[in-house]
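Enquirer: predicted model follows, preceded by the sequence.
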Amino acid sequence: MSKLVEVNFDGIVGPSHNYAGLSLGNVASAKSYGKTSYPRAAALQGLTKMRGNLARFGHQGFLLPLPRPNTALLEQLGQGSEQNPALLAAAYSASSMWTANAATVSPAPDTTDSKCHLTPANLVTMVHRAQEWPETKRMLDLAFADSSHFTVHDAVPATFGDEGAANHMRLCVDHGEAGVEVFVYGRSLAERGNGKYPARQHIEASRAVARLHGLSPERTVFIEQNPIAIDAGAFHNDVVAVANADTIFAHELAFADRQVAYDAMREAFPALQVVEVPDSEVSLADAITSYLFNAQLVSRQEGGMALVVPEECRENTRVWTYLEGMLAGNGPIREVVPVDVRQSMANGGGPACLRLRVVCDPSTVDPRFLLTEEKAEQMEAVIARAWPEQIDPADLGNSRLEKTVIAARFALLEALGLAELG
């Protein structure tokens, strides 16, 4: 069998990208509410990141924007729902670009049937995201259609909130070997007794995904996210922690009980390396505004790891000072790569939000979803030609914008030979 490798599937920023402030607990999203968005620039920024990662790490995939506006959602909400600005904005939302919320993925070495399992996230906490999973599953069914290597499940019941890979980490010696899967959940406001923001990941959903994927209980860990982090704006675990291979890079306040968390991970995975950032050096506020931890922690072909961070990290003196000090040491992270994803960042999504990690043999994936430089050039040409240059809040619901958004997405599907998703 070919060697299993990690492939990052980035979401292409859709032509309806806008700043409607729909995400409670997402500080950047709230701050950008009502501002003009630039969908063409956003998509090109994401594509540039993908091309850089393809050249640097050797493999790169992508997932397509979902159909927008979602008129079926407005029909479900009843006649006149389009008069409600928040509901109309939800129907136009391009939030599926954050593919870290597309699904939870368990690679073949971790599962009882030796297949890679994917479970789309139901994303029930927010209406603009809860609409996504059926279309996401349709795309995953196509990309990972080889049933001898993949199983794509339905989302878990909406009773239990599931936000996908943004609350999931994997520890391993090598991507192709059996690993330990770490699920991070939050307690509800009722359980916590107080709090500003809801916890989006329920432990019941995490346990259901682990059972569906056939994970060994001895190699599965459940950890509570720190309520302090949630209320500071870390609405997903990947805003305060990221893992790759044998290493976890986390803020000191990421977990409700940090020692219990690290002990549980070490019991299941003794080779664990912890790179923990003290709150005294980088505060939670700095971590969240810079998205230091919403980074891609990736194994380099030449050895060691690279941390792909947003440019905002370089612009924050305390964060950049920490990173320079880290690189001067002898830890597992040997390189920091800043990237410009400012349009996504302004809506609350950094480099890690924009990608879904799938450990697989790339030859078993539908090749239409794998990036090449030639394909990137095709995508760039379509985006430059068809994506709106800007969207103002008042544009939502405009018939001209609706036609432009629909035509732009279909042009990309046709260029990539994926018109069946239209």
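Expert: Structure received.
Enquirer: gap between the helix or strand harbouring L47 and the chain center?
Expert: For L47, the host element (DSSP states H and E) is helix 39-57. Centroid separation for helix 39-57 versus its chain: 15 Å, with Cα atoms, centre = their mean, to the nearest Å.
Enquirer: keeping just the C-alphas, turn that helix into PDB.
Expert: C-alpha atoms of helix 39-57 as PDB (Å, rounded to 0.1, in the frame of the first residue of the first chain):
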ATOM      1  CA  PRO A  39     -14.700  38.300  -1.900                       C
ATOM      2  CA  ARG A  40     -12.200  38.300  -4.800                       C
ATOM      3  CA  ALA A  41      -9.300  39.300  -2.600                       C
ATOM      4  CA  ALA A  42     -10.400  36.800   0.000                       C
ATOM      5  CA  ALA A  43     -10.500  33.900  -2.400                       C
ATOM      6  CA  LEU A  44      -7.100  34.900  -4.000                       C
ATOM      7  CA  GLN A  45      -5.500  35.200  -0.500                       C
ATOM      8  CA  GLY A  46      -6.700  31.600   0.300                       C
ATOM      9  CA  LEU A  47      -5.400  30.300  -3.000                       C
ATOM     10  CA  THR A  48      -2.000  31.900  -2.500                       C
ATOM     11  CA  LYS A  49      -1.800  30.100   0.900                       C
ATOM     12  CA  MET A  50      -2.700  26.800  -0.800                       C
ATOM     13  CA  ARG A  51      -0.100  27.300  -3.500                       C
ATOM     14  CA  GLY A  52       2.600  28.000  -0.900                       C
ATOM     15  CA  ASN A  53       1.700  25.000   1.100                       C
ATOM     16  CA  LEU A  54       1.700  22.800  -2.000                       C
ATOM     17  CA  ALA A  55       5.200  23.900  -2.800                       C
ATOM     18  CA  ARG A  56       6.400  23.700   0.700                       C
ATOM     19  CA  PHE A  57       4.800  20.500   1.900                       C
END
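Enquirer: and that helix, what does it pack against?
Expert: Under the contact criterion of 3 or more Cβ pairs under 8 Å, 6 or more residues apart in numbering; DSSP states H and E, helix 39-57 touches strand 5-11, strand 296-299, strand 305-310, strand 333-339, helix 342-345, helix 373-386. C-beta: built from backbone N, CA, C; applies to glycine.
Enquirer: need those in a markdown table (columns: distance to T111).
Expert: Putting the helices and strands packed on helix 39-57 into a markdown table (distance: least, Cβ to Cβ, whole Å) gives the following:
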| stretch | distance to T111 |
| --- | --- |
| strand 5-11 | 16 |
| strand 296-299 | 21 |
| strand 305-310 | 25 |
| strand 333-339 | 29 |
| helix 342-345 | 31 |
| helix 373-386 | 30 |
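Enquirer: determine which of those approaches P217 most closely.
Expert: strand 5-11 (24.3 Å; Cβ to Cβ).
Enquirer: adjacent strands (with direction) for the closest one?
Expert: Sheet pairing of strand 5-11 (DSSP bridges) gives strand 61-63 (parallel), strand 355-360 (antiparallel).
Enquirer: what sits up against that strand?
Expert: For strand 5-11, the surrounding residues in contact (Cβ atoms under 8 Å, 6 or more residues apart in numbering) are 46, 49-50, 53, 57-63, 65, 96-99, 102, 143, 175-176, 296, 298-299, 354-362, 365, 369-370.
Enquirer: coming back round to it: out of the helices and strands packed on helix 39-57, flag the one nearest T136.
Expert: strand 5-11 (9.9 Å).
Enquirer: can you give me the mean pLDDT across the closest one?
Expert: Averaging pLDDT along strand 5-11 gives 98.
Enquirer: which stretch among the strands paired with strand 5-11 comes nearest P15?
Expert: strand 61-63 (15.0 Å).
Enquirer: pull the residues that contact the closest one.
Expert: With contact meaning Cβ under 8 Å, 6+ apart, strand 61-63 is reached by 7-12, 50, 96, 99, 102, 136, 139, 143, 356, 358, 365, 369-371.
Enquirer: rewinding a little: would you convert the strands paired with strand 5-11 into TSV that also reports mean pLDDT and distance to V240?
Expert: Output for the strands paired with strand 5-11, formatted as TSV (pLDDT from 0 to 100; distance: least, Cβ to Cβ, whole Å):
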stretch	mean pLDDT	distance to V240
strand 61-63	98	25
strand 355-360	98	17
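Enquirer: of these, which approaches A415 most closely?
Expert: strand 61-63 (12.5 Å).
Enquirer: show me what secondary structure element comes after that closest one.
Expert: Using DSSP H and E, the helix or strand that follows strand 61-63 in sequence is helix 71-76.
Enquirer: so for P393, which of the helices and strands packed on helix 39-57 sits nearest?
Expert: helix 342-345 (15.4 Å).
Enquirer: tabulate the CA atom coordinates of that closest one in PDB.
Expert: Output in PDB follows, covering the C-alpha atoms of helix 342-345 (Å, rounded to 0.1, in the frame of the first residue of the first chain):
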ATOM      1  CA  ARG A 342      -6.800  39.100   6.200                       C
ATOM      2  CA  GLN A 343     -10.300  38.800   4.600                       C
ATOM      3  CA  SER A 344     -10.900  35.500   6.400                       C
ATOM      4  CA  MET A 345      -9.300  36.800   9.600                       C
END
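Enquirer: how far off centre is that helix?
Expert: The answer for helix 342-345 is 13 Å, by Cα atoms, centre = their mean.
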